[in-house]
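In: predicted model, plus sequence, below.
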Amino acid sequence: PEGTMAFTGKYEFEGDENYDAFVQKIGLPSDKVEMGRNCKIVTEVVQNGNDFTWTQHFPGGRTTTNTFTVGKEADMETMGGKKFQATVKMEGGKLIADFPNYRHTAEICGGKLVEISTSSGVVYKRTSKKIA
């Protein structure tokens, strides 16, 4: 079906909006806040139908990988390193995950990976450009 492989690729951080307000809202420790600011994270996505492997490569060699199937509960790790279970849904070409204290969406928009996280009314937007 059309759009099945839409997410597959490697994306490099390009810019974000509202970072500080958002990480304060979710209670990210200050050392992690500094580490994540304007961080050239490379996000690597492998999509095989409804199965996804979503890896974030941080400068300095640290990576986090989340593997999930749309519509099934999966073990996930947040940008703050918290682990929990979430079910990722696909709605209108957007991946949507509801976490304990925020909602995260991801979509491909004009060849860019656009991720939006919302927590208690604070919206954090991160854009990454496709590099592979």
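Out: Nice, thanks for sending it over. Numbers count the residues shown, from 1 in each chain.
In: residues in contact with the spatially most central residue of the chain?
Out: Among the residues of the chain, Glu115 comes closest to the average C-alpha position under CA atoms, centre = their mean, at 5.8 Å. For Glu115, the contact set (CB atoms under 8 Å, 6 or more residues apart in numbering) comprises 104-106, 125-128. C-betas here are computed from N, CA, C, even on glycine.
In: among those, which lie within strands?
Out: Taking DSSP state E as the definition of strands, those contribute 104-106, 125-128.
In: ok, these vs Thr8, which is closest?
Out: Ala106 (12.7 Å; CB to CB).
In: thought Phe7 was touching the closest one, still the case?
Out: Yes - counting by CB atoms under 8 Å, Ala106 does reach Phe7; the two are 7.5 Å apart.
In: now the helices for the chain?
Out: Remark: helices assigned in the chain by DSSP state H are 19-25, 30-36.
In: which of these sits most buried?
Out: Ranked by mean neighbour count, the helices of the chain are led by helix 19-25 with a mean of 17 (mean count of other CB atoms under 10 Å).
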